[in-house]
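Participant: Take a look and give me a structure for this.
(one chain, ligands or ions: 1)
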Amino acid sequence: MSEVLKRPKRKNPVLRSRAPTLPPAIRSRVAHGLTAAAARGAFALQVCADCGAVQYPPREACRQCLSTRLPWRDQDGHGQLLSATVLRHSQELFFRERVPWRLGLVQLDVGATVVTHLHADVGEPPCRVRVTAALDRASEAVLVAVPAAGAPKLADDPKLRDMTCDVRFRKVLVTDGKSSVGQAVVRAVVEAGADIVWVGAAEPWKKMPGFDALRELRQVTVMPLDLTDSRSVQDLAGEIGFKVDILINTADYHRTLGIAARKGVENAQCEMDVNYFGLLRLAQEFGPVMKARGADGQSSAVAWVNLLSIYALSNFPLHGTYSASKAAALSLSQALRAELKSGGVRVINVFPGPIDDEWNQLLLPPKIAPAAVAAAIVSALGGSAEDVYPGDVAQEWLARFIDNPKALERELTQ
Ligand SMILES: [Zn+2]
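Facilitator: Got it, this is the predicted structure:
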C-alpha cells in the first residue's frame with residue numbers, strides 16, 4: 001500500500017554523503033521515442049501506419065507487416081494486469097538497494113502487452129490498471145501501472161518516489177521573487193508543502209506590489225541575489241547552496257523589441273546577462289553541490305527548474321532579442337541536464353506562452369496567468385516530466401513546431 005510522505009529525519013552531518021546509484025540507462029535509438037513522450041508527461045507507443053498494429057517494445061519494423069512507417073501516438077494506457085511478480089535479487093546496484101521490487105505484465109486494451117513497475121496501490125491480478133510513462137532517476141522512460149480509478153501520486157509509493165521531485169518537506173530556492181511569476185511560484189511551493197523557501201531579490205529599492213506580503217509567510221526567507229553579479233551568486237551559494245533541494249530559476253529580463261526597434265546592443269546584453277549568463281552563474285555555483293547531494297534520500301537535491309519561454313523553440317520576431325536569449329538558455333540547460341544527470345538531479349524546463357504580465361501588455365489574449373505557470377511547475381515537480389508547456393498557446397506552438405518547424409518560423413513572421 002502507498003504511504004503518505006512523512007517529514008524526513010535530519011541528516012547526520014558527520015556521515016559522508018552517499019554516492020547516488022542510477023537504474024540502467026542504455027536504450028536503443030528507437031526506444032528514445034518512449035523517452036520523448038515521457039519527457040512531456042505522455043505515454044506513447046509506435047502505431048503502424050500501414051496495418052494499425054500497436055507495438056511494444058519499440059522496434060525498427062512492424063511486428064505484423066514489417067512496415068517501417070511507425071509514428072508514435074499518445075495512448076490512454078488502460079489495460080488488464082495479467083500477472084505480477086516480486087523481484088528479490090538484482091545484479092543492478094540501484095535495484096539491489098531497493099528490493100523487493102514489484103513488476104507486472106499488462107495487456108493494453110489496444111493490443112500490446114507491456115512490462116511495468118507496479119504502484120503500491122495496484123492489487124493482485126487480474127485487475128484493471130492504467131499504464132503511464134515516467135522518467136526514472138537516470139532520466140530514461142519506464143512504464144508504471146497505477147490503479148485504473150483515482151489519481152494516485154507516484155510520490156506516495158516509497159519505491160517510486162525517486163521518480164518524482166515532490167515539493168513536500170523540501171527546501172526550495174526561487175531566484176527572483178519580485179516578478180509576478182516569481183511571487184506566484186513562491187506561493188505555490190509554500191502551498192504544496194515546501195519546508196523552507198528562500199526567495200531571491202535583486203533590487204531591494206524596487207517596491208513590487210505583493211512582495212512584502214510574501215515575507216509574512218512562515219516558510220519564506222528573502223535573500224539578496226542578483227544574477228547579473230557573480231559575487232552575489234557566489235555569496236548565496238556559499239550560504240545556502242548545500243541545503244537547496246529544488247532550485248527554481250524564475251529570473252527573467254524581458255523587453256519587447258525586434259532587431260531594428262532600437263539602436264545599440266545594450267538591451268540585448270541585459271537580456272543575455274539575466275536569461276543566459278544568470279543561468280550560467282547559478283549553474284556554476286549551485287550545480288556541483290546539488291549534484292553531490294543527489295542520494296541523501298528524502299532530503300536530497302532533486303530538481304532544477306528553468307523558466308524559459310515557448311519563444312526558445314522558434315524566434316518570435318516582435319520579441320526577437322528576448323527569444324534569442326531564451327534559446328541560448330535552453331541550449332545551456334541541456335548541458336546542465338547532462339552534468340546533473342549522474343547526481344540524479346532532474347532539470348525541468350518550462351516553456352510558457354506569453355504571460356499576462358507587464359511586458360506583454362500590448363499582446364492580445366490568450367495569455368497565461370502567472371498562477372497557472374506556478375501551478376504547472378509544482379505539478380511537474382510532483383510528476384516525472386522534464387519539459388513543461390503550460391497553457392493553450394504553448395501547447396499549440398509545440399504541436400506546430402513538432403509538425404513542421406519551418407512552417408512555424410514562417411507563420412511567426414506574419
Ligand atoms: Zn504493420
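Participant: What residues of the top helix by length along the chain count as buried?
Facilitator: Assignment by DSSP state H gives helix 320-341 as the longest helix of the chain. Within helix 320-341, the residues that qualify as buried are 320-330, 332-333, 336-337, 340-341, counting by 16 or more other C-beta atoms under 10 Å. The C-beta positions use only the backbone N, C-alpha and C, and glycine is treated the same way.
Participant: which other helices and strands contact it?
Facilitator: helix 266-271, helix 277-292, strand 303-307, strand 346-350 (3 or more C-beta pairs under 8 Å, 6 or more residues apart in numbering; DSSP states H and E).
Participant: I'd like the ones you listed laid out as a markdown table, including distance to residue 207, mean pLDDT and mean neighbour count.
Facilitator: A markdown table is the format used below for the helices and strands packed on helix 320-341 (distance: least, C-beta to C-beta, whole Å; pLDDT from 0 to 100; neighbours: other C-beta atoms under 10 Å):
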| stretch | distance to residue 207 | mean pLDDT | mean neighbour count |
| --- | --- | --- | --- |
| helix 266-271 | 21 | 93 | 16 |
| helix 277-292 | 22 | 96 | 21 |
| strand 303-307 | 23 | 97 | 27 |
| strand 346-350 | 27 | 97 | 24 |
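Participant: okay if I get these as TSV plus distance to the ion?
Facilitator: Listed next are the helices and strands packed on helix 320-341 as TSV, based on distance: least, C-beta to the ion, whole Å:
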stretch	distance to the ion
helix 266-271	49
helix 277-292	44
strand 303-307	39
strand 346-350	35
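Participant: how about these in JSON lines, adding distance to residue 223?
Facilitator: Shown next, in JSON lines, are the helices and strands packed on helix 320-341 (distance: least, C-beta to C-beta, whole Å):
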{"stretch": "helix 266-271", "distance to residue 223": "22"}
{"stretch": "helix 277-292", "distance to residue 223": "13"}
{"stretch": "strand 303-307", "distance to residue 223": "17"}
{"stretch": "strand 346-350", "distance to residue 223": "22"}
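Participant: List the contacts of residue 290.
Facilitator: The contact partners of residue 290, by C-beta atoms under 8 Å, 6 or more residues apart in numbering, come to 241, 244, 247, 301, 304, 340, 343, 345.
Participant: Kindly recompute the last result at 7 Å.
Facilitator: Neighbour list for residue 290: 244, 247, 301, 304, 340, 343, 345 [criterion: C-beta atoms under 7 Å, 6 or more residues apart in numbering].
Participant: and what of residue 340?
Facilitator: Residue 340 touches 287, 290-291, 304, 347, counting by C-beta under 7 Å, 6+ apart.
Participant: Could you dump these into TSV and include distance to residue 163?
Facilitator: Listed next are the contacts of residue 340 as TSV, based on distance: C-beta to C-beta, whole Å:
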residue	distance to residue 163
287	22
290	18
291	18
304	16
347	15
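Participant: about what we covered before: most neighbours among the contacts of residue 290, please name it.
Facilitator: Highest neighbour count within the contacts of residue 290: residue 301, with 31 neighbours (other C-beta atoms under 10 Å).
Participant: Please give the element, helix or strand, for that residue.
Facilitator: Taking DSSP states H and E as the definition, one finds residue 301 inside no helix or strand.
Participant: Out of the contacts of residue 290, flag the one nearest to residue 142.
Facilitator: residue 345 (18.0 Å; C-beta to C-beta).
Participant: mind listing what the residue nearest to residue 272 when sequence neighbours are not counted touches?
Facilitator: Closest residue to residue 272 apart from its sequence neighbours, by C-beta to C-beta, 6 or more residues apart in numbering: residue 325 at 5.1 Å. Residue 325 is in contact with 271-272, 275-276, counting by C-beta under 7 Å, 6+ apart.
Participant: Roughly how far does residue 264 sit from the ion?
Facilitator: Going from residue 264 to the ion by C-beta to the ion, to the nearest Å gives 58 Å.
Participant: for residue 39, same thing?
Facilitator: Taken as C-beta to the ion, the span from residue 39 to the ion is 26 Å.
Participant: Now for that residue: which residues touch it?
Facilitator: Counted by C-beta under 7 Å, 6+ apart, residue 39 has contacts 135, 385-387.
Participant: Which of the residues you listed scores worst on pLDDT?
Facilitator: Lowest-confidence member of the contacts of residue 39: residue 385, scoring 90 (pLDDT).
Participant: Make sure that residue is actually in contact with residue 42.
Facilitator: No. The criterion here is C-beta atoms under 7 Å, and residue 385 misses it with residue 42 at 8.3 Å.
Participant: More neighbours: the two, which one.
Facilitator: residue 385 (22 against 17).
Participant: gap between stretch 264-279 and the chain center?
Facilitator: The chain centre lies 24 Å from the centre of stretch 264-279; the measure is C-alpha atoms, centre = their mean, to the nearest Å.
Participant: my bad, should have said stretch 45-63
Facilitator: For stretch 45-63 - counting by C-alpha atoms, centre = their mean - the centre lies 28 Å from the chain centre.
Participant: Would you agree residue 390 is in contact with residue 372?
Facilitator: Yes. With contacts counted by C-beta under 7 Å, residue 390 reaches residue 372, the gap being 6.1 Å.
Participant: and residue 90, what is it in contact with?
Facilitator: Per C-beta under 7 Å, 6+ apart, neighbours of residue 90: 96, 99.
Participant: show me the contacts for the closest residue to the ion within the stretch 151-300 of the chain.
Facilitator: Residue nearest to the ion within the stretch 151-300 of the chain: residue 163 (32.1 Å; C-beta to the ion). By C-beta under 7 Å, 6+ apart, residue 163 lies in contact with 134-137, 154, 384.
Participant: The chain against the ion: which residues are in contact?
Facilitator: Neighbours of the ion within the chain, by C-beta under 5 Å from the ion: 48, 50-51, 53, 62, 64-65, 67.
Participant: just the contacts of residue 39 now: which is nearest the ion?
Facilitator: Of the contacts of residue 39, the one sitting nearest to the ion (C-beta to the ion) turns out to be residue 135, at 28.6 Å.
Participant: how far away is the nearest residue to residue 78 once chain neighbours are set aside from residue 340?
Facilitator: Nearest non-adjacent residue to residue 78, counting by C-beta to C-beta, 6+ apart: residue 109, 5.1 Å away. Look at residue 109 and residue 340: by C-beta to C-beta, to the nearest Å, they are 38 Å apart.
Participant: for residue 325, same thing?
Facilitator: 22 Å.
Participant: what packs against the helix or strand where residue 233 lies?
Facilitator: Using DSSP H and E, residue 233 sits within helix 230-240. Helices and strands touching helix 230-240, by 3 or more C-beta pairs under 7 Å, 6 or more residues apart in numbering; DSSP states H and E, are helix 277-292.
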